[in-house]
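> let me see the structure of the following:
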Amino acid sequence: MSEPIRCAIVGLTWITSGPATPSLHGGRMALPYSHAAALARIPAARVTAICDIVPAAAERFLDEWGETWPGITTYTDVSAMLDEEEIDVLAVATPDDRHAAIVIDAAARGIPAIMCEKPLATTLADADRMIEAIDKHGTIVSVEHTRRWDPFFHQVKALIDAGRIGDVQTITGTLHGERAMLFRNGTHIIDLMCYYAGAEPGRVFAQLEPGYDAYTEYQGDGGHDPVSEPGASAYIEFTSGVRGFYNGIKGPVGLTEWDILGTNGRLRINGATAELWTLDETTKELVLRPFPATMIMTGAIEAAYLELFAALREGGPLRSTARDARQTVTVLDAILRSNHAGGCLVDVR
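The predicted model follows:
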């Protein structure tokens, strides 16, 4: 039998610590939907250490998961945890702007694999420092843009790559709701737009919601208060010619959706719907086809860890690398710069 994979978690919010529930989340997404709930389904995984600056967060984690992994060591200082624990995989789920320092430190200390929550970073400078560190130390890093592992969202990518809708022409990503915040949740929308475009973002023009004209850099609070981050609307021009439209508006009606139009069809995907439309050869009209997906599913976060564990033990590709995640950071950066310049078209850096 293989040795267990020793996992440590820093940042004990709901996304890392929430219990599995018997119901579906978001209408169709496979559960479990937290790091701990996902790891609990993987026999090889063992959580050996946890860290949060709030001691009560660790106490809540132990109440929920202490019987699953007896003997978990708790810390309030991540440096102490990295010094004292033997860690195979580190999960980083701190506030968005604190990912960089922890990932860089963990890579320098020889932690072999890291699961970093999204966004990778809140500035391009931090993203580049992170990539430099993980390249230097040979660290394997997967960035938890969850939907890349969701069976339905990933099937959309497979259908695009197979040419089922022809050449992609436009991608519309919609994020409506009270928490339609650019960095906290807009990251997911932009990441999948880049994933489905299959090309680098090249130019952007954008406008933030009213009242955020002075918002030129990340000023969020880790996603707690929607007022800490703006909503935004943006046009994203990809180097392949694909045109993207990001529609992130705060309001009482919630909607998270991607709509991809190609030369021969359309794909529409959200938490409850997965649609494939292709041209009828006779009428030349779009016709709704059965969406080719299996109902035997692995939860997205569980699949992300299984992929990371396989890469750690055997090598192999990752679906969401640090360089992939950097693309999203470049778009976030360009959105802020474009708004500050009055909505001008700006180059992505």
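
> now Thr16: how far from Asp88?
Using C-beta to C-beta, to the nearest Å, Thr16 is found at 17 Å from Asp88. Placement of C-beta: from N, CA and C, glycine included.

> which residues in the stretch 151-300 of the chain form helices?
Assigned by DSSP state H, counting those that start in this stretch, the stretch 151-300 of the chain shows helices spanning 151-161, 186-197, 300-314.

> endpoints of stretch 335-349, how far apart?
11 Å (C-alpha to C-alpha, to the nearest Å).

> contacts for stretch 336-349?
124, 200-208, 212-213, 215-217, 232, 234, 237, 330-331, 333-334 (C-beta atoms under 8 Å, 6 or more residues apart in numbering).

> can you tell me the closest non-neighbouring residue to Arg19?
Rather than Arg, residue 19 is Pro. Glu64 (5.6 Å; C-beta to C-beta, 6 or more residues apart in numbering).

> ok, back up a step: comparing Thr16 and Asp88, which residue is more hemmed in?
The neighbour count for Thr16 versus Asp88, taken as other C-beta atoms under 10 Å, is higher for Thr16 (27 against 21).

> I'd assumed Cys51 was in contact with Ala8.
Yes - using C-beta atoms under 8 Å, Ala8 makes contact with Cys51 at a distance of 7.2 Å.

> mutual contacts of the two, please.
Met81.

> what about the helices in the stretch 1-150 of the chain?
So, for the stretch 1-150 of the chain - with DSSP H, counting those that start in this stretch - the helices run 14-17, 35-39, 55-65, 78-84, 99-108, 124-137.

> the longest one vs helix 99-108, what angle?
Read it as helix 124-137. 10 degrees (axes from the mean of the first three to the mean of the last three C-alpha atoms, to 10 degrees).

> what residue ranges in the stretch 1-150 of the chain are flagged as low confidence?
1, 21-31 (pLDDT under 70).

> list the buried residues in the longest helix along the chain.
Using DSSP state H, we find that the single longest helix of the chain is helix 322-340. Neighbour counts using 16 or more other C-beta atoms under 10 Å place 322, 324-340 of helix 322-340 among the buried residues.

> partner strands of the very next helix or strand once past it, with direction?
Next along the chain after helix 322-340, taking DSSP states H and E as the criterion, comes strand 346-347. In the sheet, strand 346-347 lines up against strand 201-208 (antiparallel) (DSSP bridges).

> give the contact list for the closest residue to Ala304 other than its chain neighbours.
If the residues on either side of it in the chain are set aside, Ala304 comes closest to Trp149, at 4.9 Å by C-beta to C-beta, 6+ apart. Listed by C-beta under 8 Å, 6+ apart, the contact set of Trp149 reads Thr298, Ala300, Ile301, Ala303, Ala304, Glu307, Arg319, Ser320.

> switch to 6 Å and redo it
Ala300, Ala303, Ala304 (C-beta atoms under 6 Å, 6 or more residues apart in numbering).

> so can I have JSON lines of those residues showing pLDDT and neighbour count?
What follows is those, written out as JSON lines (pLDDT from 0 to 100; neighbours: other C-beta atoms under 10 Å):
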{"residue": "Ala300", "pLDDT": "90", "neighbour count": "24"}
{"residue": "Ala303", "pLDDT": "94", "neighbour count": "20"}
{"residue": "Ala304", "pLDDT": "97", "neighbour count": "25"}
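
> and which of those is nearest to Ala180?
Here the nearest of those to Ala180, counting by C-beta to C-beta, is Ala300; it sits at 20.9 Å.

> who does Ile114 form a beta bridge with?
Leu90, Val141.

> angles on the backbone of the nearest residue to Thr68 once chain neighbours are set aside, please.
Spatially, and ignoring its direct neighbours in sequence, Thr68 is nearest to Ala40 (5.3 Å; C-beta to C-beta, 6+ apart). Main-chain dihedrals, Ala40, degrees, to the nearest 10: phi -60, psi -20.

> look up how far Cys7 lies from Ala40.
11 Å.

> of the two, give the one with the bigger neighbour count.
More neighbours surround Cys7 than the other of Ala40 and Cys7, with 26 against 19 (other C-beta under 10 Å).

> about what we covered before: buried deepest among the helices of the stretch 1-150 of the chain, which one?
helix 35-39 (a mean of 26; mean count of other C-beta atoms under 10 Å).

> quick one: list the elements packing against that helix.
Secondary-structure packing of helix 35-39 (3 or more C-beta pairs under 6 Å, 6 or more residues apart in numbering; DSSP states H and E): helix 300-314.

> and the nearest residue to Asp52 once chain neighbours are set aside, what does it touch?
Distances taken as C-beta to C-beta, 6+ apart place Leu12 nearest to Asp52, at 4.2 Å, with adjacent residues excluded. Shown in contact with Leu12 (C-beta under 6 Å, 6+ apart): Asp52, Ala57, Phe61.

> surely the first one touches Phe61?
No - counting by C-beta atoms under 6 Å, Asp52 stays clear of Phe61, with 7.9 Å between them.

> okay, which residue is most central for this structure?
His145 (1.7 Å; C-alpha atoms, centre = their mean).

> distance of the closest residue to it other than its chain neighbours from Asn185?
Spatial nearest neighbour of His145, excluding adjacent residues (C-beta to C-beta, 6+ apart): Asp191 at 4.3 Å. Distance of Asp191 to Asn185, given as C-beta to C-beta: 11 Å.

> who's more crowded, those two?
Asp191 (26 against 19).

> and stretch 205-224, end to end?
27 Å.
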